[in-house]
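Compute the structure for the input listed below.
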Amino acid sequence: MALNDKTIDPDVVLDARIVDAIRTRLDGGRLPCAAAHAAAEALGVEPIEVGRTADQLRIKLTGCQLGLFGLPGRAKGWDAVDAASRAIPEGLEEAVTAARNDRGEVACDQLWREAARFSIDRVHVAWLADRLGIKIRRCQLGAF
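Below you'll find the model as predicted:
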């Protein structure tokens, strides 16, 4: 869901530590996905808390580590790394297919785990999911 489509609650009390962590990690007024995850790890909070705080501050996320959005000049990040030309590790297609939920979708964090398990880039796993027609849902930061 786009930031402009989200409902912002003016009565929410924000965690000042998260606000500060976000503000120090901005790049051109936007918060890169990797920086948001680094902030969550540094503070010992879940990434969704950083994402929700960014939403409340009306700060857009950029540079999705799965390559889905926020990459200047590219519709998808896998175009930038030419994921289509890379070999697919044996068993990865089956693992991504098995990771689908009952609606045929796969969660962002599940793709991260598969990327780590197969020792490949996250964007490559996302490219494969897209190629298989599997929708990626439940961004760890709440972007989609």
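
can you give me the strands for this structure?
Assigned by DSSP state E, the chain shows strands spanning 31-32, 61-62, 105-107, 135-137.

Check which helices and strands the first one sits against.
With contacts taken as 3 or more Cβ pairs under 8 Å, 6 or more residues apart in numbering; DSSP states H and E, strand 31-32 sits against strand 61-62. From N, CA and C alone the C-beta is placed, and that goes for glycine too.

is it possible to export the strands of the chain to a markdown table including mean pLDDT?
Converted to a markdown table, those look like this (pLDDT from 0 to 100):
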| stretch | mean pLDDT |
| --- | --- |
| strand 31-32 | 98 |
| strand 61-62 | 95 |
| strand 105-107 | 97 |
| strand 135-137 | 95 |
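
Include distance to Leu128 and mean neighbour count when you put those into JSON lines, please.
JSON lines is the format used below for these (distance: least, Cβ to Cβ, whole Å; neighbours: other Cβ atoms under 10 Å):
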{"stretch": "strand 31-32", "distance to Leu128": "23", "mean neighbour count": "22"}
{"stretch": "strand 61-62", "distance to Leu128": "23", "mean neighbour count": "22"}
{"stretch": "strand 105-107", "distance to Leu128": "10", "mean neighbour count": "18"}
{"stretch": "strand 135-137", "distance to Leu128": "11", "mean neighbour count": "16"}
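
Any regions of the protein where pLDDT drops low?
1, 3 (pLDDT under 70).

the domain parsing of it - what is it?
3-62, 77-137 (automatic domain parsing).

Among those, which comes closest to Leu68?
Smallest distance to Leu68 across the domains of the chain (Cβ to Cβ): 6.5 Å, for domain 77-137.

Endpoints of that closest one, how far apart?
With Cα to Cα, to the nearest Å as the measure, domain 77-137 spans 16 Å from end to end.

Let me know how buried Ala95 is, in neighbour terms.
As a burial measure, Ala95 scores 17 neighbours (other Cβ atoms under 10 Å).
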